[in-house]
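Enquirer: Kindly return the folded structure for what I paste below:
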Amino acid sequence: MDIFAFIPQFGGLIWTLAAFVLALSVIVAIHEYGHYIVGRWSGIHADVFSLGFGPVLWSRVDRRGTKWQVAALPFGGYVKFAGDSNAASGKDEEAMAQAEADPERLRATMHGAPLWARTATVAAGPLFNFALSILVFATVVLTSGVSRDQLTVGELRPLPVADRGLESGDEIIRINGADLPSTQDAVAYADFIDAIPMVPTLDYTVKRGDTERDVSGAFLLPPLVTGVSPQSAAMGAGLAVGDVIISIDDTQIFAFDQLKAAVEGGNGAPLALGVWRNGEELAMTLTPKRVDEPQPEGGFATQWRIGIAGGLAFEAATQTPGIGEALMTGVRQTGRIIEGSLSGLGHMITGAISTCNLSGPIGIAQTSGAMASQGAQSFIWFIAVLSTAVGLLNLFPVPALDGGHLVFYAYEAVAGKPPSDKALRVLMTFGLAAVLTLMVFALGNDIFCP
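Expert: So this is what the prediction gives:
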């Protein structure tokens, strides 16, 4: 049983906050554990591992002398290494004086550890975030599978048609007399799907058991809702996974592309939808939103969108990929998120797309709650996406972030000495100001952007 299915799609503030705190806690714990474990492997002692800030709710000290604690404000965390002057609790001058008099103890501090150990420890946090994303994406692929080489009907989806001809287990060989390419040939398969004639009924040649037979069936890509984007027009109107849109402004439709054309060609005008849901017909009205979308060739294009994903008239039968294939899928997915994030940030800086694409804590919290309402897999997938974003953000070369520390270490490697304490203080102040400014700006987007 999926416990997340019981969360209302438009649940209250408590559900939204709970989902946000859970997502953030997992990501922060992985990030900080990366710092901690690589620091420990490198010989650097950790005084405190904290999940959250503020008053301590629970703590214990392990046999290595590290204090593990959970604090009252669950919006971050930190690891305080011995000699770490930037940790939340500050620098213990007396302990540092004792360590500096003992080379072995000094080696176990963040201040006295070799440059390679400090670099590895700082870089480990973001890298662990990326590793979490890769593992989650790979696990989802392993558990849900990938389409069989030849498109095969799995479970039939409920649709408002009396007879679809296709049956579970049918292997689709031809559509309207044209051979269907293997799903593994992504380009040829996509081109074939795009070229399917726009008619309500298609002629399918299928392999059913040991025989081939011709059957008639509904259009392959009906206007079926297989996913709803958080904070979208569809979510605001009440569309849900499994809904089928049967009309737009009293015009009957049978294909997802007809819906897409109406949305994109309507220039943002409200749309009156007829919706089929579990045998009942509902009426809904929604207004598409302008969305900046990344393009395969690079850059962004502004489109009108209602925020739904479509799919086949049936769930495609799947096969389990190898572990290597699943991991490579995870790597590619993580890479796409990083590439898209960097491209989006660059286009926002140049003014090519709206800065409203940058979400703050309120937007992230709302998305957390919305994804949790769509099920455990959607919520876990969102955690992986957010983990990649957090890892990337921490690598930005801004003082006070991990990337800023890595820049300092790069300077030390080249110059043979670290930046002066005065320079570090000034740079850290500017870094904190930049981070706070970004947070306030993003929060403003959450409040004022449509």
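
Enquirer: Can I get stretch 364-373 in CSV? Just the C-alpha atoms.
Expert: Presented in CSV, the C-alpha positions along stretch 364-373 are these (Å, rounded to 0.1, in the frame of the first residue of the first chain):
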residue,chain,number,x,y,z
ILE,A,364,10.0,24.0,-3.1
ALA,A,365,7.8,23.2,-0.2
GLN,A,366,4.7,23.4,-2.4
THR,A,367,6.3,21.2,-5.0
SER,A,368,7.3,18.7,-2.2
GLY,A,369,3.8,18.4,-1.1
ALA,A,370,2.4,18.1,-4.6
MET,A,371,4.9,15.4,-5.5
ALA,A,372,4.2,13.5,-2.3
SER,A,373,0.4,13.6,-3.2
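
Enquirer: How far away from the center of its chain is it?
Expert: 11 Å (CA atoms, centre = their mean, to the nearest Å).

Enquirer: which other residues reach stretch 156-167?
Expert: Identification of contacts with stretch 156-167 by CB atoms under 8 Å, 6 or more residues apart in numbering yields 153, 168, 172, 204, 206, 208, 215-218, 222, 224, 242, 244, 246, 276, 278, 311-315. For glycine as for every other residue, the C-beta is placed from the backbone atoms N, C-alpha and C.

Enquirer: Show me the helices in this structure, by range?
Expert: 13-41, 93-100, 103-107, 115-144, 186-194, 233-237, 256-265, 323-350, 361-373, 376-394, 402-415, 421-448 (DSSP state H).

Enquirer: a markdown table for these, including distance to Gln295?
Expert: Shown next, in a markdown table, are these (distance: least, CB to CB, whole Å):
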| stretch | distance to Gln295 |
| --- | --- |
| helix 13-41 | 28 |
| helix 93-100 | 53 |
| helix 103-107 | 51 |
| helix 115-144 | 22 |
| helix 186-194 | 15 |
| helix 233-237 | 22 |
| helix 256-265 | 15 |
| helix 323-350 | 9 |
| helix 361-373 | 23 |
| helix 376-394 | 19 |
| helix 402-415 | 27 |
| helix 421-448 | 23 |
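
Enquirer: Those helices: lowest mean pLDDT?
Expert: Lowest mean pLDDT of these: helix 93-100, a mean of 54.

Enquirer: Give the closest residue to the residue minimising distance to the centre of the chain in space, chain neighbours not counted.
Expert: Nearest to the geometric centre of the chain sits Val385, at 2.0 Å (CA atoms, centre = their mean). Excluding the flanking residues, the one nearest Val385 by CB to CB, 6 or more residues apart in numbering is Ile337, at 6.0 Å.

Enquirer: Verify the contact between the one you found and Ser387 for me.
Expert: No: taking contacts as CB atoms under 8 Å, Ile337 lies outside contact range of Ser387: 9.5 Å.

Enquirer: The two - which one has more neighbours?
Expert: Shown here are Ile337 and Ser387; by other CB atoms under 10 Å, Ser387 has more neighbours (28 against 21).

Enquirer: ok, that one to Leu127 distance?
Expert: The gap separating Ser387 from Leu127 is 11 Å, by CB to CB, to the nearest Å.

Enquirer: Rounded mean pLDDT for stretch 276-283, please.
Expert: 94.

Enquirer: Stretch 217-230 now?
Expert: For stretch 217-230, the per-residue pLDDT averages 92.

Enquirer: So the protein: which segments form each domain?
Expert: Per the record, the chain has its domains at 120-145+322-450, 148-218, 227-312, by automatic domain parsing.

Enquirer: Save those domains as TSV, and put in distance to Ser50 too.
Expert: Formatted as TSV, the domains of the chain follow (distance: least, CB to CB, whole Å):
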stretch	distance to Ser50
domain 120-145+322-450	14
domain 148-218	45
domain 227-312	30
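
Enquirer: Looking at the ones you listed, which is nearest to Lys80?
Expert: domain 120-145+322-450 (12.5 Å; CB to CB).

Enquirer: gap between the two ends of that closest one?
Expert: One end of domain 120-145+322-450 sits 42 Å from the other (CA to CA, to the nearest Å).

Enquirer: from the middle of its chain, how far away would that domain be?
Expert: 10 Å.

Enquirer: List the buried residues for stretch 176-194?
Expert: Using 16 or more other CB atoms under 10 Å as the test for burial, stretch 176-194 gives Leu180, Pro181, Thr183, Tyr189, Phe192.

Enquirer: Widest-spaced pair of those residues?
Expert: Comparing every pair within the buried residues of stretch 176-194 by CB to CB identifies Thr183 and Phe192 as the most remote, at 10.3 Å.

Enquirer: Can you tell me how far Ala240 is from Val225?
Expert: Counting by CB to CB, the gap from Ala240 to Val225 is 7 Å.

Enquirer: before we move on, the earlier item: I'd assumed Ile338 was in contact with the residue nearest to the centre of the chain.
Expert: No: applying CB under 8 Å as the test, Val385 and Ile338 come out as separate, 10.8 Å apart.

Enquirer: Look up the closest residue to Thr367, ignoring the ones flanking it.
Expert: Pro230 (4.2 Å).

Enquirer: Contacts only, for that neighbour.
Expert: Gln366, Thr367, Ala370, Met371.

Enquirer: Save these as a markdown table, and put in distance to Ile134 and neighbour count too.
Expert: Output for the contacts of Pro230, formatted as a markdown table (distance: CB to CB, whole Å; neighbours: other CB atoms under 10 Å):
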| residue | distance to Ile134 | neighbour count |
| --- | --- | --- |
| Gln366 | 26 | 18 |
| Thr367 | 21 | 21 |
| Ala370 | 24 | 25 |
| Met371 | 19 | 26 |
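
Enquirer: Can you tell me which of the buried residues of stretch 176-194 is closest to Gln69?
Expert: Thr183 (49.7 Å).

Enquirer: Okay, and the beta partners of the spatially closest residue to Gly274 that is not a sequence neighbour?
Expert: Computed as CB to CB, 6+ apart, the closest residue to Gly274 that is not its neighbour in sequence is Ser247, at 3.5 Å. Beta bridges link Ser247 to Gln252, Gly274, judged by DSSP bridges.

Enquirer: Is it correct that Ser247 is in contact with Leu271?
Expert: No: the pair Ser247 / Leu271 is not scored as a contact, 10.1 Å apart, by CB under 8 Å.

Enquirer: Who has more neighbours out of these two?
Expert: Using other CB under 10 Å as the criterion, Ser247 and Leu271 rank with Leu271 on top: 21 against 16.

Enquirer: Name all residues that make contact with the more buried one.
Expert: Contacts of Leu271 (CB under 8 Å, 6+ apart): Ile248, Asp249, Ala262, Val263, Thr285, Leu286, Thr287, Pro288, Ile306.
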